[in-house]
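let's see this in three dimensions:
(chains A and B)
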Amino acid sequence: MTDITKETLSPPRSFLSQDAIQLFYRLLAVFLICAVLAVLNDSFLSLGNILNVLRQASLTFFIASGLTLVVLTAGLDLSVGANVALSACVAGTVIHTTGSPVLGILTGLACGGVVGLLNGIMVTALRIPSFIATYGMLWVLNGLTYWYMAGETLHGFPAGFRQIGSGYLFGLPIPVYLLLVFLGIGTVFAQRTIWGQEIYAIGANPVAARLSGIPVTRRLLLVYAVSGTMAGLASIIFLSRLNSAEADIGESLTLPAIAAVLIGGTSLFGGVGTVFGTFIGALILTLVLNGMNLLSVSANWQPLVTGIIVILAVWLDMKTRRRAQ
Amino acid sequence: MNVPGETAATPLLELRGISKTFPGVKALDDVSFALYASEVHMLLGENGAGKSSLMKVLCGAYQADAGEFFYKGDRVTIASTADAQKLGIAVIFQEFSLVPYLDIAQNIFLGREPKGRIPGTIDRRKILADAKRLLESIGFDIDPSITVNTLGVAQQQMVEIAKAISQNARILVMDEPTAALSDRETELLFALIAKLKADGVSIVYISHRMAELFALGDRITVLRDGRRIDGVRPADVTPDQLVRMMVGRTVDMTYPRNFADKPGEVLLAVKGLTAPSGIADINIEVRRGEIVGLCGLVGSGRSEVARAIFGADPVASGEIVFEGKAISGEPDMAARRGIALIPESRKSEGLALLRSVGDNLVVSALRKLFPSGLFDPRSGQRTADGLIRQLRIATPSARQTVGLLSGGNQQKVVIGKWLAAGAKLFIFDEPTRGIDVGAKSEIFALIDRLVAEGAAALMISSEQVEICHVCDRAYVMREGRVAGHLARNELTEENIVRLGMHHA
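Numbering: from 1, shown residues only, chains lettered A, B, ... in the order given. The predicted structure follows:
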C-alpha cells in the first residue's frame, strides 16, 4: 500500500469556524447600532423601549425562524405572510364562533401547517421550484382570505387570549418568552437533531443527500410544514396583539421575514445559516427601524435602509466565505 | 534527460523555470517544458502532480510567480488568456465551454460572427458555410445548424476542436480527451490528432491511460509533486518505468487480494429487473465475501443497474432481494437495509463539497450513531476522526472543507460515510476514476478488507485490468442486458471485451 497521506495540504485557516466569524460580525453590528442609538437618544436604553424592540422582533422572528429551515434546504417560502393572514382570520372566526381560544389557537396552527404541507407537496411530489410554488400559494391564500373575509374585520377577543400578544409575566412581555422558547427549540432542532443535520445536508447538495440515504422528500415536507406552522403561530400572536384581523394583514410580513433570514447569514443557496442568526437578523432589522422612529426619521426611508442592510450583509458573507475558500 | 537530436531545433513554445505557489501548496516548482512544432507531447503525472496548473499557466488562466516564456525563441509574456490566444494556444477542457442552446456554427464563431448586410444582424448563410467547411477540414461530417445540447460528448469535443482551429490555434492543449469517449470515438479522435499534427499543429495531451501515451505521444514529460521529473520518448521507456517516474517508487499494478475460496450466503439477488432507464431482465447475485464486477462498454447500462438496486431510479418490474427480503423504494430504504452506493460522479453526487470532511463522513450514519434522534457534534467528530485515521484520509482535520481534498481522499470520504453507516453491500461505480495510481491501490486494499470482513461489493469499472485483478467474478453488460457471466478463471480482458462488444 502506498502512502498518499503526506500530500501537501494547507493548514486550517482559522481557529474560528466560518459560522462563528459571521456571528461575531452580527453581534458587533447589534452592539454598534445600540451604542449609536444610545448616544443619540436618551430613551433608547429605557427598559420599556428595549422590551418593545424585542416584542416587535419576536413577530418577525416567528415567521423567519420557520423560513430559515426552508432557506437552509435552498428553498424559499413566499407564502408566509399570506399564510399568517389566512390563519389569523380562520383562528379569529373559530374563537368568535366557539368562544374557545384554545380551539382557535389550534385551528390557527393547523391552518398554517396544512398550507405549509401543501407547499411541501408542490415542491416534492410535483417538483415545482419552491419560489414559484409558494409565490402561487401567496396569491391563492390572498384570494381565499379576501373571499372569506369579504371586506369584514374580526374584532374583539377574550381578555385571556389577548394576554398572549400583549400581556406581561414577571415584567417581561409574553411574546418575549415565546421568542426565547422558540429560539431554543429552533436552535436545538437545527443544530442538535439528526433531522436538522439532514436539512443542512439537503441544502448543501440535494442529489448527494438523497444518495447518502437521507429521506429528502419527507424532510422537505417537514420543513415546509414547520414553516407554515410557524406562520400559524405568528398569526395567533398577531391576532391577540392587535385584537383584530383583516384580510390584508399579511402583506407587510413576508419581505421583512426574508430580510431577517438574509441579514442573519443564511445563504439562499442552502446549507449555511443558523436560527440564532435569523434572530439576530430580526433584531438588527427591528433595532434600525426603532432607532429611526426614535430619531424621528421619516418612515418613508425605512424600506431603503432595510434594502441596504440586506445587500450589505449578504455581500459581507459572500466575501468572507470566498476568502475562506 | 534531453531528447537527442532535438536540442538544435528551436521549440515552438518553451517554458523555463515556471513556479506557481498557492497558499500552502507549491503547485509548480521550477518546471521547464518545451513544445516543438508538429508534435504530440504527453503530460503525465498523478493527480496533484501539477499537470492542470501547468496547463493553466500555459493558457494564461494562472499567472506564474516565476519563469519565462519563449515563442519561437523570442521572449513573450502570457499574462492572460488573451495573450495565450494571440500565440495560438487553445485548451480543450474536460468540461466543454459550449453554449448548449446555440447551434454548432454559432458556437464555433461565438463573438466573431460574420456581419449581415443589415447592421446588428449575422450573415447566417456565411456562418453555416464557414462552419461546414471547417468541420469538413477536420473530417467531421455534420450539419452545423444542429443545436449543441443534442450532441454526444465526442461530437461536442469535435466542435470544441473546430472552434479552436477557427481561432488559428497552433497549440492545442487537451485534458484527458478520451475520458468519456467510446473506443470507436477514441479512434476517430486519434485520427484527427494525426491529421492536425500533419498540418503543423502541436498538441499537449494529458492522459492517465498508458496505451494512449505509447500510441500517440512523440515525447512524454513526467511531473511529480509540481516538479518536472523527466522528458522521454515513448520508445525508450516501458509502462512500468513511467509509473515509477510518476510515483517515485514501485507501485504494484496487480492489486493483490485474497480471493474468497468459499463465498458466503447470497446477500443480493436481482431477479428479472427491468427499468425505464433502459435496462431489461437483469439477473445478478452477490454473495458475502465477494467482489463482483459489472463491466461492459460505457452506456451499456451498468450505472443504471446500480442506481435501480439502490432505489435511485424507478423500477418497472422484477425483484431485488437483499438478505432474503425484497427491497423497494427510495435510496433511504436501501441505505437503511445496508446497501451503499459510491456514485461515479463523486463531486456532484457523492459529497457536499462545501461542507466539512466530518459532516460528510457522518451524514449517512446519523440514524445509527444517534438512535435517539439527538445529534451530538462531539460524538460525530469522534466518529469522523476515527474514520480519518482508519482510512488514512489526508486532511488537516475533520473541519476541513471536503472540496479541498484530492480526488483519492474525497473518494475515501465517500466510502467512509458508508463504513460509518455499517453498510453490508457496497456498490462502486467507477471507484478509481480520476484517482492516481497510489490512491487506487489503497482503495482496492480497502475494498478487499471490507469483503474479507463479511461485506460484499459490486464494482463497476471501465478499466478491465482492474476488474480482472480485483474481482472474484464478473457480469458483462451489453445494450441494457447482462450479456454473460465470467467466473474467476474466465476473467480476462479479452473475454470481457468479447462479451461486451456488439456481434461478438
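
what is the neighbour count of residue A:170?
5 (other CB atoms under 10 Å in any protein chain shown). Any C-beta I mention is one placed from the backbone N, CA and C, and that applies to glycine too.

equivalent analysis for residue B:377, please.
If you count neighbours by other CB under 10 Å, residue B:377 ends up with 13.

check contacts around it.
A:191, A:192 (CB atoms under 8 Å, 6 or more residues apart in numbering or on different chains).

list the contacts for the closest residue to chain B within the stretch 51-200 of chain A?
Across the stretch 51-200 of chain A, no residue is closer to chain B than residue A:194, which sits at 3.9 Å (CB to the nearest CB). By CB under 8 Å, 6+ apart, residue A:194 lies in contact with B:366, B:367, B:370, B:373, B:374, B:375.

separation between residue A:187 and residue A:281?
14 Å (CB to CB, to the nearest Å).

the two: who's more crowded?
Between residue A:187 and residue A:281, residue A:281 has the larger neighbour count (other CB under 10 Å), namely 31 against 18.

ok, for residue B:55, nearest residue in space, not its chain neighbours?
residue B:173 (5.5 Å; CB to CB, 6 or more residues apart in numbering or on different chains).

I figured that neighbour hits residue B:201, correct?
No: contact criterion CB atoms under 8 Å: residue B:173 and residue B:201 do not qualify, at 11.2 Å.

these two - which one has more neighbours?
With neighbours defined as other CB under 10 Å, residue B:173 and residue B:201 compare such that residue B:173 has more, 26 against 23.

and what about the more buried one, helix, strand or coil?
Following DSSP: H, G, I helix; E, B strand; the rest coil, residue B:173 is assigned to strand.

repeat for residue B:440
Residue B:440 ends up helix, using three-state DSSP.

circling back: can you pull the contacts of the residue nearest to residue B:55?
B:55, B:58, B:59, B:89, B:90, B:91, B:92, B:203, B:204, B:206.

the fifth one is in what secondary structure piece?
What that stands for is residue B:90. Assigned by DSSP states H and E, residue B:90 belongs to strand B:89-92.

elements contacting whichever helix or strand comes after that strand?
Once the chain leaves strand B:89-92, the next helix or strand it forms, by DSSP H and E, is helix B:104-108. Contacts defined by 3 or more CB pairs under 8 Å, 6 or more residues apart in numbering or on different chains; DSSP states H and E place helix B:104-108 against helix B:124-137, helix B:153-166.

and the most centrally placed residue in chain A, helix, strand or coil?
Compute the mean C-alpha point of chain A, and by CA atoms, centre = their mean the closest residue is residue A:64, 0.5 Å away. What three-state DSSP gives for residue A:64 is helix.

so for it, what's the pLDDT?
The score at residue A:64 is 97. That number is its pLDDT.

so it makes contact with residue A:255?
No: under the criterion of CB under 8 Å, residue A:64 lies out of contact with residue A:255, with a separation of 10.9 Å.

what about the residue of the stretch 101-250 of chain A found nearest chain B, how many residues nearby?
Closest contact between the stretch 101-250 of chain A and chain B, by CB to the nearest CB, is at residue A:213 (2.6 Å). The local packing of residue A:213 (other CB under 10 Å) involves 30 other residues.

now it: closest residue in space, sequence neighbours ignored.
residue B:335 (2.6 Å).

name the residues that touch the helix or strand where that neighbour lies?
Using DSSP H and E, residue B:335 falls within helix B:331-337. With CB under 8 Å, 6+ apart as the contact definition, helix B:331-337 has outside contacts at A:210-216, B:309-312, B:322-323, B:325, B:327, B:341, B:364, B:367, B:421, B:423.

which bits of the stretch 51-200 of chain A sit near chain B?
For the stretch 51-200 of chain A, the residues in contact with chain B (CB under 8 Å from any CB of the partner chain) are A:191, A:192, A:193, A:194, A:195, A:196, A:197, A:198, A:200.

give me the number of residues near the last one?
Residue A:200 has 23 neighbours, counted by other CB under 10 Å.

likewise for the second one?
In terms of burial, residue A:192 registers 15 neighbours under the definition other CB under 10 Å.

how about low-confidence regions in the stretch 101-250 of chain B?
B:208, B:247-250 (pLDDT under 70).

ok so, going back, state the pair within the contacts of residue A:194 that is farthest apart.
B:367 and B:374 (11.9 Å; CB to CB).

could you pull out the helices in the stretch 101-250 of chain A for me?
A:101-124, A:130-149, A:159-166, A:174-192, A:194-204, A:206-211, A:216-242 (DSSP state H, counting those that start in this stretch).

out of those helices, the one nearest residue B:479 is which?
Using CB to CB, the nearest of these to residue B:479 is helix A:206-211, at 25.6 Å.

hmm, who's touching the closest one?
A:73-74, A:198, A:201-202, A:216, B:310, B:312, B:330-332, B:341, B:343, B:348-352, B:363.

only whichever of the residues you listed are buried, select them in PyMOL.
Restricted to buried positions by 16 or more other CB atoms under 10 Å in any protein chain shown, the PyMOL selection for these reads:
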select buried, (chain A and resi 73+74+198+201+202+216) or (chain B and resi 310+312+330+331+332+341+343+349+350+351+352+363)
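
report the secondary structure state of residue B:117.
coil.

next one: the one 3 residues further on
Secondary structure state of residue B:120, per three-state DSSP, is coil.

for it, give me phi and psi.
Main-chain dihedrals, residue B:120, degrees, to the nearest 10: phi 90, psi 0.

do the one 3 residues further on as well
As for residue B:123, its main-chain torsions (degrees, to the nearest 10) stand at phi -80, psi 90.

repeat that for residue B:204.
Taking degrees, to the nearest 10 as the convention, residue B:204 sits at phi -100, psi 120.

quick check: residue B:159 touching residue B:104?
Yes: between residue B:159 and residue B:104 there is a contact under CB under 8 Å: 5.4 Å.

quick one, which of these two is more surrounded?
Of the pair residue B:159 and residue B:104, residue B:104 is the one with more neighbours under other CB under 10 Å, namely 28 against 25.

and the residue of the stretch 301-450 of chain B that's closest to chain A?
Closest point on the stretch 301-450 of chain B to chain A, by CB to the nearest CB, is residue B:335, at 2.6 Å.

hang on, the earlier thing: mean pLDDT for the helices of the stretch 101-250 of chain A - can I get that in a markdown table?
Shown next, in a markdown table, are the helices of the stretch 101-250 of chain A (pLDDT from 0 to 100):
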| stretch | mean pLDDT |
| --- | --- |
| helix A:101-124 | 97 |
| helix A:130-149 | 96 |
| helix A:159-166 | 90 |
| helix A:174-192 | 95 |
| helix A:194-204 | 96 |
| helix A:206-211 | 96 |
| helix A:216-242 | 96 |
